[in-house]
Structure formats: structure tokens, C-alpha cells
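K.L.:
Starting from these lines, generate the structure:
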Amino acid sequence: LLRVPFQYLVGCSHWRDLVLLTRPGVLCPRPETELLIDLCIEALAENEELKEGLWVDLGTGSGALAIALAKELGEKGRVLAVDASPEAAAIARVNVERCGVQHKVTVLDSDVENWFGVLGNHMGKISGIVSNPP
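P.N.:
Just a heads-up that it's a prediction; the model follows:
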């Protein structure tokens, strides 16, 4: 008997107010990951400048954190969603489009040994980093 996550069987994960495409090879967003967004919302409320800043989601997977964060940012706020898995990055791109935040989220493919390598000219300009690796 194979044990397959329900989200893989139905092809989507319900997370916060999002319905995200999921596939084997891309981890399903976990309920406790929502706490990271709650912490970000608190930080944004305490410092309005962060809403217009550049954020990074390291190990974006399905893009859940990047998308949820983008929905909380101001008009100029942006998120770079980074993943070393080409499959995960492809799924994240689809989810970004489906959730309508492509003007705020850019998905970047990275080297598995150096997530920060793709951030090159953005270093020193980053307002915050979120990450919830497996």
C-alpha cells in the first residue's frame, strides 16, 4: 500500500486563503508554516517601510510563503522566490500566476549549494527573508 499525501492525489493544497497546485517532488505547504506569515504581518505592522521592501523566500517550493507575503506587501513591495529544484520553481511560477501576484513575485532557480548566488545585485537591498525548508 502506497502512502501518498492527499494533496498529491487531488493536485492541490488549501493553505491560508490560497489553493496551490501541488505535485510529487514539491513539498505540500504545512499548516504550521502559516505562523511565519503571521510573524511577517506583525513585522509589517510595526515597520511600514518593510511593506515596500524587497523580501526573499528561500526554498520556495510551491511558492506558498512568497505568494502569501506578496499579498500583504504594499504596492512597491516585491518577493524573490528562490528554489534549487527546477520542478519546484516551475510549480511556484504556476502558483504565482494563478494567484495573480506575478507583478510582485519573481521565481528564481538557484544552485542547490548556494541559494544566495542568484540574489547577486540584490544583496544589501533585502528587507527580510522567510524560509521554511523541510
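
K.L.:
so where is this protein shaky, pLDDT-wise?
P.N.:
1 (pLDDT under 70).

K.L.:
So which residues of it form strands?
P.N.:
Assigned by DSSP state E, the chain shows strands spanning 12-15, 18-21, 54-58, 78-83, 105-109, 126-131.

K.L.:
Can you give the strand pairings for the last one, parallel or anti for each?
P.N.:
Strand 126-131 pairs in its sheet with strand 54-58 (parallel), by DSSP bridges.

K.L.:
For the strand it pairs with, list every residue counted as buried.
P.N.:
For strand 54-58, the neighbour count (16 or more other CB atoms under 10 Å) marks 54-58 as buried. Every residue, glycine included, has its C-beta placed from N, CA and C.

K.L.:
Can you tell me which of the strands of the chain is packed in deepest?
P.N.:
The highest mean neighbour count among those, using mean count of other CB atoms under 10 Å, belongs to strand 78-83: a mean of 25.

K.L.:
what's next to stretch 39-54, contact-wise?
P.N.:
Here stretch 39-54 makes contact (CB atoms under 8 Å, 6 or more residues apart in numbering) with 69, 72-80, 122, 125-128, 130.

K.L.:
now do 6 Å
P.N.:
Contact with stretch 39-54 is made by 69, 72-74, 76-78, 125-127, as judged by CB atoms under 6 Å, 6 or more residues apart in numbering.

K.L.:
for stretch 118-134, same thing?
P.N.:
Residues outside stretch 118-134 that contact it (CB under 6 Å, 6+ apart): 27, 33, 36, 50, 53-59, 65, 108, 110.

K.L.:
Right, I'll leave it there.
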